[in-house]
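1. Predicted model and sequence follow; I will ask about them next.
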Amino acid sequence: MADGVEVRGNRVRVYFRYQGELCRESIPGDASPASVANAERLVGIINYEIQAGTFSYARHFPDSPRVKSNTFGHFIDLWLDIKRNEMATSGFLAYESKVKNHIRPMWGDRQADQIDHLDLQMWVQKTLMPKLHNKTVREILSIMRQIFTLYRTRNKSAHDPTEGITIRLPDADDPDPFERSEIDLILGDDLEFQQEINLIRFMIWTGPRVSEAMSLAWEDVDLDAGTVKFRRSQVRSNYRVTKTRRSTREVRLMRPALEALRAQIRFTKGRPPVDVDVTDRDNRTIKRQKLRFVFHKTTTDAAWTSSDVLVKTWWRGHLEKVGVRYRGPNNCRHTFASQTLSTGVVPLDWIADQMGHTSTAMIWKHYGKWIHQDGPDMIGILEHALRL
């Protein structure tokens, strides 16, 4: 009997080494001489195809459990299970949506080792690029790459068809803060939506992320000391600790921000606390907190659930009403940075601490334009100091 063929009871099996593993598969029929001869021919073909790089497990053994566990969809599921436990809910849902809408329909039923680089390249160029932003395509390709990395832990010699495919991004837009004249228009008298005005005033003169401002509770506020603590953020009605450890911070408030909080007292400070589940940084531990949220939506008298709701129900219409060019509410954060930087007297370390950035490098990266344009006249200062 030739190497690669064995008889077990009344069944014939072939065995061969593929992608570093010894594989065994049964051949239909009993252990007759004809079946053995057929198995010998088959194992010869398989070994030749493996050497030539044309072997397809699914073509020869479509009902094999190995084939079912070798589909790209199988590794998609494994990858999603891992990410579900690693990521915040909002981030995981974004990944899951890209898998569901783009990756699984095209590649889920394909054998992972049969996904070709050129096929993948054509899919990116012909299907994704015409209808999606480059950033989204890049994220989809990154997910594919991560799944293939997982696949290769099981199949050491497998290739990664995403290798060599790059998606270039346009230069990022500069932050587009509001100017002082626009701030005055935005914060003008609006008796009907006073709570929304208070929220925006607080954000412009404190610089939190929108998700941090919306999840601020009276339990985080010390009006006498003029400070607030940013301990949590909120995305799509899910509360979690802040983005990074550095983002959990206590900040002192400028007068306009403090006035905004004092104006909110009559709306929300006397409310009974509500139970809120806050997810910790490990994305598994959940702590229940009793909180009274500072900022509520006027029309529902309930705490905000997302920045999207703010944009759709008030922000966009308000900017149009007061004649200010539209920018998203996160530009309130950019406005705080540009306004403080333009004074030329505030240390970058202080601004980084206030905004929860990990280092002053982030301030330079995002706001260097204002540091250069609106900072102090260093030449004039030097000339004066040197008496030139």
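-> Thanks, I have the structure now.
2. Could you use CA atoms for every contact and neighbour count after this?
-> Noted.
3. For His159, give its distance to Ser342.
-> For His159, the distance to Ser342 equals 52 Å [Cα to Cα, to the nearest Å].
4. so what's Glu179 up against?
-> When the contact criterion is Cα atoms under 8 Å, 6 or more residues apart in numbering, the partners of Glu179 are Thr335.
5. separation between it and Thr335?
-> Here the criterion is Cα to Cα. By it, Glu179 lies 8 Å from Thr335.
6. go on, Lys68?
-> For Lys68 relative to Thr335 (Cα to Cα), the value is 54 Å.
7. which of the two has more neighbours?
-> Neighbours around Lys68 and Thr335, counted as other Cα atoms under 10 Å, are more numerous at Thr335. The numbers are 23 against 16.
8. and the more buried one, what does it touch?
-> Thr335 sits in contact with 176-179, 204, 207, where contact means Cα under 8 Å, 6+ apart.
9. Which strand or helix spans it?
-> Remark: Thr335 resides in helix 331-341, with elements defined by DSSP states H and E.
10. After that helix, heading C-terminal, what element do we hit next?
-> Later in the chain than helix 331-341, the nearest helix or strand by DSSP H and E is helix 348-355.
11. so that following helix versus helix 331-341, what angle?
-> Following axes from the mean of the first three to the mean of the last three Cα atoms, to 10 degrees, one obtains 160 degrees for the angle between helix 348-355 and helix 331-341.
12. Using PDB, write out every CA atom in helix 348-355.
-> These are the backbone C-alpha positions of helix 348-355, laid out as PDB (Å, rounded to 0.1, in the frame of the first residue of the first chain):
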ATOM      1  CA  LEU A 348       0.400  73.800  27.100                       C
ATOM      2  CA  ASP A 349       0.600  71.300  30.000                       C
ATOM      3  CA  TRP A 350      -2.400  73.100  31.600                       C
ATOM      4  CA  ILE A 351      -4.500  72.900  28.400                       C
ATOM      5  CA  ALA A 352      -3.600  69.200  28.000                       C
ATOM      6  CA  ASP A 353      -4.700  68.500  31.600                       C
ATOM      7  CA  GLN A 354      -7.900  70.400  31.100                       C
ATOM      8  CA  MET A 355      -8.800  68.600  27.900                       C
END
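13. Please compute how far it lies from its chain's middle.
-> What separates the centre of helix 348-355 from the centre of its chain is 24 Å, taken as Cα atoms, centre = their mean, to the nearest Å.
14. Cool, thanks, signing off.
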